[in-house]
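Q: Next input, structure requested:
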Amino acid sequence: MVEKQESLESPQEPAYGDGIAQHAPDVMRLALHIPGPNYAQLVEPFGGYGERVEDPTKLKQALQNALDALQAGRLALVDVVLDQ
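A: Numbers count the residues shown, from 1 in each chain. Predicted structure coming up:
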């Protein structure tokens, strides 16, 4: 399955949004999905606590985990991934 890569397509739409590629049914648009970096891993080499949160229901617990790490004298970073 080829995923739509917004970062490639969005900047081009203002200039070429109504171009032939938008209306041609036989044009195949390909994009490479490049996952974003996991920022939570950045603090691990320094003995810190990092957690990546992609599910909004898990954010409260992640923040509590980060606060606990801070109270223990460690660095803490919560990487919150948003849809937009």
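Q: which regions of this structure lie under the pLDDT threshold?
A: 1-33, 84 (pLDDT under 70).
Q: show me where it has helices.
A: In the chain, the segments counted as helices under DSSP state H are 6-9, 13-16, 20-23, 59-71.
Q: For the longest one, which helices and strands make contact with it?
A: To tie it back to what came earlier, the one meant is helix 59-71. strand 49-53, strand 76-80 (3 or more C-beta pairs under 8 Å, 6 or more residues apart in numbering; DSSP states H and E). In this view, the C-beta of every residue, glycine as well, is placed from N, C-alpha and C.
Q: Need the contact partners of it.
A: 48-49, 51, 53, 75-78, 80 (C-beta atoms under 8 Å, 6 or more residues apart in numbering).
Q: how about a cut-off of 7 Å?
A: 49, 51, 53, 76, 78, 80 (C-beta atoms under 7 Å, 6 or more residues apart in numbering).
Q: So for that helix, what gets flagged as buried?
A: By 16 or more other C-beta atoms under 10 Å, the buried positions in helix 59-71 come out as 62, 65-66, 69.
Q: out of the helices and strands packed on helix 59-71, nearest to P37?
A: strand 76-80 (8.6 Å; C-beta to C-beta).
Q: any idea of the angle the closest one forms with helix 59-71?
A: Angle, strand 76-80 to helix 59-71, by axes from the mean of the first three to the mean of the last three C-alpha atoms, to 10 degrees: 160 degrees.
Q: Each with direction, which strands does strand 76-80 pair with?
A: strand 49-53 (parallel) (DSSP bridges).
Q: gap between R74 and Q41?
A: Distance of R74 to Q41, given as C-beta to C-beta, to the nearest Å: 15 Å.
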